[in-house]
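Asks: Got a predicted structure plus its sequence, pasted below:
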Amino acid sequence: MKHEDKTIESALIFAQQQTSDHIPKQFIWPKDNLSQTSNEVLNEQVIDLQGFLKNEKEATLHAANLVRESCLTHGFFQVINHGIDLDLLAKTEEHGHAFFKLPLTEKLKCKQKEGSVVGFSCAHSQRFRENLPWKESLTFEYNENGPNKLVAEFFNVALGDRYKETGMIFQNLCEAINKLAHALLELLEISLGIDGHNHKYYRKLFEDSVSIVRCNHYPRCNKPTLTYGVGPHCDPNTLTILYQDQVGGLEVFVDNKWKSVQPKRDALVINIGDTFKALSNGKYISCLHRVSVNNYKPRLSLAFFLCPKGDRELRAPQELVDKDENKKYPDFKWEDFLQFTQKNHRADENTLEEFKNWIISSKNHNA
Ligand SMILES: C=C1C[C@]23C[C@H]1CC[C@H]2[C@]1(C)CCC[C@@](C)(C(=O)O)[C@H]1[C@@H]3C(=O)O
Ligand SMILES: O=C(O)CCC(=O)C(=O)O
Ligand SMILES: [Fe+2]
């Protein structure tokens with residue numbers, strides 16, 4: 001079957017959920033040690049960023065301590081008073097829903113091209129044959145030093161002039177989230193106690209970041225326990241900043257159990273990805289998480305995956321390496337790690353270690 005036909009097939013399956021009691025086998029995930037249901041709530045920190053964003057010393061140290069505690073246990077926390085206009089977030093949610101309600105022919109105008117994560121994708125059915133996620137998504141890049149208004153341009157070019165307002169809303173949101181991402185890099189630096197000699201180490205590494213932004217729509221599903229919106233995975237990128245609506249579905253694997261991250265109005269969910277794990281010399285945890293779907297209400301989320309420029313050499317700051325007396329990861333480039341995760345398999349809790357071993361063996365091989 002052609003790529004486009006697979007996308008159409010998945011879209012029809014989602015549309016038929018109003019009447020069908022059945023889900024096709026490509027959406028059914030194996031029952032394994034990771035498939036138990038979640039009946040606990042994650043007791044993650046909800047960190048108020050107001051004082052830190054105003055440069056207040058005591059509030060900053062308090063926020064940094066909470067960040068440290070979260071990142072040493074599971075790498076997830078929520079933030080409030082994060083400086084992002086709440087009306088802008090609400091508008092993005094509205095425009096996100098409007099996009100996914102469009103006829104498939106419209107959405108296909110910006111479908112993902114082969115080998116790229118950018119564009120519209122329905123259940124990733126053009127990339128994978130089995131264990132398909134119960135979601136459709138729209139992905140684009142946010143290049144902080146790229147030409148002006150590139151996100152807005154993406155919507156205009158892909159969908160036409162009628163989407164000017166949608167494009168501007170996503171553009172403004174990306175700019176605001178990227179600013180927050182940089183502030184969080186500074187807070188992470190303080191939380192790791194490396195803000196003395198190597199001040200702004202992480203911020204500088206990400207000065208020319210090219211991040212991936214994704215709006216996810218998880219349709220209602222008549223057999224929610226057989227599938228996932230996103231299967232168990234670790235994010236390969238640096239940090240993820242997530243806006244989720246009030247429906248719920250995000251779950252984190254902690255203490256050998258799945259625990260749900262309860263939506264909190266006005267809050268954003270932050271999690272550490274594999275790249276920051278490496279940049280903290282393995283100190284901070286990049287935790288396995290997944291998205292469950294339900295049979296009563298569609299869910300919308302917006303994920304900003306902070307990524308460095310592809311060809312930037314990435315290494316943990318020397319202070320951390322000296323403190324640990326051991327450099328845990330070889331230097332690497334995000335473009336190689338991204339390619340590794342895209343080519344080999346979906347990202348999980350072994351991916352970073354496998355990538356590290358792959359670099360070491362390819363260096364030995366070329367020596
Ligand atoms: C670099 C990326 C690849 C994925 C999107 C960003 C960051 C997270 C990755 C992903 C979400 C991890 C789970 C599996 C995946 C295939 C997905 O379900 O979307 C991953 C993304 C992707 O490859 O598109
Ligand atoms: O939609 C969500 O809540 C999270 C999705 C996610 O984990 C991802 O896309 O990496
Ligand atoms: Fe994720």
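Replies: On my side now, so go ahead. This one's a predicted model, so the numbers in the text were calculated from it and none came from an experiment. Numbers count the residues shown, from 1 in each chain. Ligands and ions are numbered 1, 2, ... in the order given.
Asks: Surely Tyr202 touches Leu185?
Replies: Yes - using CB atoms under 8 Å as the test, Tyr202 is close enough to Leu185 to be in contact (4.0 Å). Where C-beta positions appear, they are placed from N, C-alpha and C, glycine not excepted.
Asks: Tell me who's in contact with Asp235.
Replies: Asn271, Gly273, Asp274, Ser286, His289, Phe305, Ala347 (CB atoms under 8 Å, 6 or more residues apart in numbering).
Asks: isn't there a helix covering it?
Replies: No - when DSSP: H, G, I helix; E, B strand; the rest coil is applied, Asp235 is found to be coil, with no helix at that position.
Asks: Can you report phi and psi for it?
Replies: Backbone geometry at Asp235, expressed as degrees, to the nearest 10, gives phi -70, psi 130.
Asks: so Asp266 sits right up against Ile84, yeah?
Replies: No - using CB under 8 Å as the test, Asp266 is too far from Ile84 to be in contact (9.5 Å).
Asks: more crowded one of those two?
Replies: Under the neighbour definition other CB atoms under 10 Å, Asp266 and Ile84 were set side by side, and Ile84 has more, 20 against 12.
Asks: Ramachandran coordinates for that one?
Replies: According to degrees, to the nearest 10, the main-chain angles of Ile84 amount to phi -90, psi 130.
Asks: ditto for the one 5 residues further on
Replies: When read as degrees, to the nearest 10, the backbone of Leu89 gives phi -60, psi -40.
Asks: the strands in the stretch 1-150 of the chain, which residues?
Replies: Assigned by DSSP state E, counting those that start in this stretch, the stretch 1-150 of the chain shows strands spanning 40-41, 46-48, 76-80, 119-122, 136-143.
Asks: For ChimeraX, write a command that selects the buried ones of the contacts of Asp235.
Replies: The following ChimeraX line selects those of the contacts of Asp235 that are buried, judged by 16 or more other CB atoms under 10 Å:
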select :271,273,274,286,289,305,347
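Asks: any bit of the helix ranked longest in the chain sitting next to ligand 1?
Replies: Residue-count comparison of every helix in the chain, with assignments taken from DSSP state H, identifies helix 164-191 as the longest. No - legend: contact between helix 164-191 and ligand 1 by CB under 6 Å from any ligand atom is lacking; minimum distance shown is 13.8 Å.
Asks: Show me how far the helix or strand following that helix is from its chain's centre.
Replies: Taking DSSP states H and E as the definition, the helix or strand that follows helix 164-191 towards the C-terminus is helix 201-205. Put simply, helix 201-205 sits 20 Å off its chain's centre (CA atoms, centre = their mean, to the nearest Å).
Asks: Show me what the helix or strand that helix 201-205 is followed by is packed up against.
Replies: Counting by DSSP H and E, the next helix or strand C-terminal to helix 201-205 is strand 210-218. Secondary structure elements in contact with strand 210-218, counted by 3 or more CB pairs under 8 Å, 6 or more residues apart in numbering; DSSP states H and E, are helix 86-101, strand 136-143, helix 164-191, strand 299-306.
Asks: quick one: average confidence on strand 210-218?
Replies: Rounded to a whole number, the mean pLDDT of strand 210-218 is 98.
Asks: Then stretch 50-57?
Replies: 98.
Asks: what kind of secondary structure is Gly231 in?
Replies: Secondary structure assignment for Gly231 (three-state DSSP): strand.
Asks: before we move on, the earlier item: quick one: closest of the strands of the stretch 1-150 of the chain to Phe332.
Replies: Relative to Phe332, the nearest member of those by CB to CB is strand 136-143, separated by 20.4 Å.
Asks: which parts of the stretch 251-367 of the chain sit against ligand 1?
Replies: Contact residues of the stretch 251-367 of the chain with respect to ligand 1, defined by CB under 6 Å from any ligand atom, are listed as Phe305, Leu338, Gln342, Arg346, Ala347.
Asks: contacting residues for the third one?
Replies: Spelled out, it's Gln342. Contacts for Gln342 (CB under 8 Å, 6+ apart) come out as Val117.
Asks: now the strands of the stretch 1-150 of the chain in a markdown table, with distance to ligand 1 and mean neighbour count?
Replies: Putting the strands of the stretch 1-150 of the chain into a markdown table (distance: least, CB to the nearest ligand atom, whole Å; neighbours: other CB atoms under 10 Å) gives the following:
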| stretch | distance to ligand 1 | mean neighbour count |
| --- | --- | --- |
| strand 40-41 | 23 | 12 |
| strand 46-48 | 23 | 18 |
| strand 76-80 | 15 | 22 |
| strand 119-122 | 8 | 23 |
| strand 136-143 | 7 | 22 |
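Asks: Nearest to Leu279, out of the ones you listed?
Replies: Comparing those by their distance to Leu279 (CB to CB), the top pick is strand 76-80, with 17.5 Å.
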